Each structure stands twice: as structure tokens, then as C-alpha cells.
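J.: need a structure here:
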Amino acid sequence: MSAAVALARLTAIDLLRQPATWLVLLIATALVGLSLLFGMFSFAEADRMRMLCSSGIAVHALAGLFLGVVGATVAVHRELADRTALTLLAKPLSRASFLVGKAGGVLAAVLLCGLVVAGIHLGAVQIGSSTNFEFELGGGHSHAQGLDPVAVPWASLLGGHLLALAQAACLTCLAVVLALRLGLAGNIIACFAVWVVAHLLPQMGLHGAVVLPALDLLAADDAAQVEGGLPLGAVGAGLGYAVLWCGGTLALGLALFERQDIP
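T.: Numbering: from 1, shown residues only. Take a look at the predicted model:
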């Protein structure tokens, strides 16, 4: 267990140093900022807040997905392809410790980056609420002085970000398992296909919560737009499901990894 923890720490540090990680954070920050600015083009203050809340949670989920896929490929597939994993497994380090450590490190990096994106989004929401989305791009003073702040569904918003983290964790664990066989391009295509199909199945009256992650249970960007729209029980159920899905996915991946020949 100590070896897995040490490997997870080193993996997380390495991923946080990757330029792709900082690029994703920069793009996510820009998208949240654009969502705040676009609020000026809507006349209804409630619509402005709904758009900002929904877009920020969606950006969080997508950023976590991309970071998880890239991180899993860098942490797992690259080491297997470069044969550096053979050195780790000869320490001795069991395959279970290797897979759990790598998955834990990628998840930790995704979690930390997700907290940064969530913090930026909450700050943007606070700015939009306090200024009523009435501010000048050139740095002028707000035109909303003396007006009541726009109501913010803080409880639903925080729950939405927790479910965004859960959604990113599910897809990250899937990407870690797929990275045992697939490179970056294949992993991106496979995870994106799973993401699309998992969102489409509920719309068709089908459910694939066992074979595919039930992302409809974790998609909170719409429900978090209004106060009371995201019950605490739904957040707890989503987080519990994410834990079970991640555990089952990694267990399946370990069973496959034990039978995999490392070239």
C-alpha cells in the first residue's frame, strides 16, 4: 500500500507539471470568463445567472474528462510503451500497486484541477451576482450600484460541482483501464464515444449503468440552475455511484492487466 501511495504522489506531481494540464486550466478559465461576459447580452438577470451556473459546471466536467484521458495515457500507456513500467514492476512492485497508484495519482491531479476550475467559477458567479452583470469591459465602475444582487443557487451550484468531479472520476478510471492497451488518440476517441453514448441512452429510454457510466445521474448543469433544483440526496447518490463505478472499473482493469504481457 505504501508503494501505491508513493507512486500516486509522484504521478500526480508529474501530471501537474505537464503543459497540457496548464493549457486545460487556462482554456477552462477563459471559457468561464466568457460565460460571465456573455451574461451582459441577456436582458433577464435570472437568465444570466442560469447560463453562468450551467456553463461553469459543464466546463468543469469537460476539463476533468480531458485531463483524465491525457493523464491516464501519460501515466500508464507511455510507461508501458517505453518499457519503464518493467523497472517499476521489478522493484518489486505488484501490478495491483502499479495500477492503483497510477489511477490514484491521475485522480488526484484531476481533483486538484477540478477544485481550481470550481473556485474560478464560484468567483465568477459572485462577481456576476454582486454587479448584476452590469460592468464595463474597459475597467469602468459597475452600473448596478444600489441594486439588489442577483440570487445565486449556492447549494445547487456546489452540488453540481461535486457531481462534475464524480463524472470526471468515472471517465478517468475508464481512461486508466483503456490506457493499458490504447494510446492517446485511441483513448480520446473511445472515452468521447462512451461520453456521447452514455448521454444518449437515457434519451432513448435505455440505461447502461453497468456497462457504461450512468452520466445522466451525474449531469447536474441543468438542475443546478435554480435553487432547490439539485437535492442533497441526488448528490449523495451520484457520489456513491461514482465510487462503485470507479472501484468496479479498476477491478476489471486489474484482472485484465494481470493477464497482459508487457513487451
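J.: going forward, measure contacts between C-alpha atoms and count neighbours the same way
T.: Will do.
J.: helix or strand for the residue nearest in space to the middle of the chain, which one?
T.: With distances taken as C-alpha atoms, centre = their mean, Gly64 lies nearest the centre of the chain, 2.6 Å away. If you go by DSSP states H and E, Gly64 is part of helix 45-72.
J.: what does the average pLDDT come to for the helix or strand following that helix?
T.: Using DSSP H and E, the next helix or strand after helix 45-72 towards the C-terminus is helix 78-81. What helix 78-81 shows for mean pLDDT is 71.
J.: Repeat that for stretch 237-249.
T.: pLDDT averaged over stretch 237-249 gives 88.
J.: circling back: can you give me every residue that contacts the residue nearest to the centre of the chain?
T.: Contact partners of Gly64, counting by C-alpha atoms under 8 Å, 6 or more residues apart in numbering, are Val110, Leu111, Cys113, Gly114, Ala164, Leu165, Ala168, Ala169, Thr172.
J.: List the ones among the residues you listed that fall in helices.
T.: Counting by DSSP state H, these place Val110, Leu111, Cys113, Gly114, Ala164, Leu165, Ala168, Ala169, Thr172 in helices.
J.: Those into JSON lines, with extra columns for distance to Gln260?
T.: As requested, the ones in helices among the contacts of Gly64 are exported to JSON lines (distance: C-alpha to C-alpha, whole Å):
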{"residue": "Val110", "distance to Gln260": "27"}
{"residue": "Leu111", "distance to Gln260": "29"}
{"residue": "Cys113", "distance to Gln260": "32"}
{"residue": "Gly114", "distance to Gln260": "32"}
{"residue": "Ala164", "distance to Gln260": "32"}
{"residue": "Leu165", "distance to Gln260": "30"}
{"residue": "Ala168", "distance to Gln260": "26"}
{"residue": "Ala169", "distance to Gln260": "24"}
{"residue": "Thr172", "distance to Gln260": "21"}
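J.: now, which of those residues sits nearest Leu184?
T.: Using C-alpha to C-alpha, Thr172 comes nearest to Leu184 of the ones in helices among the contacts of Gly64, at 13.1 Å.
J.: Report how many residues lie close to the nearest residue to the closest one once chain neighbours are set aside.
T.: Using C-alpha to C-alpha, 6 or more residues apart in numbering and skipping the chain neighbours, the partner closest in space to Thr172 is Gly68 (4.4 Å). By the criterion of other C-alpha atoms under 10 Å, Gly68 has 31 neighbours.
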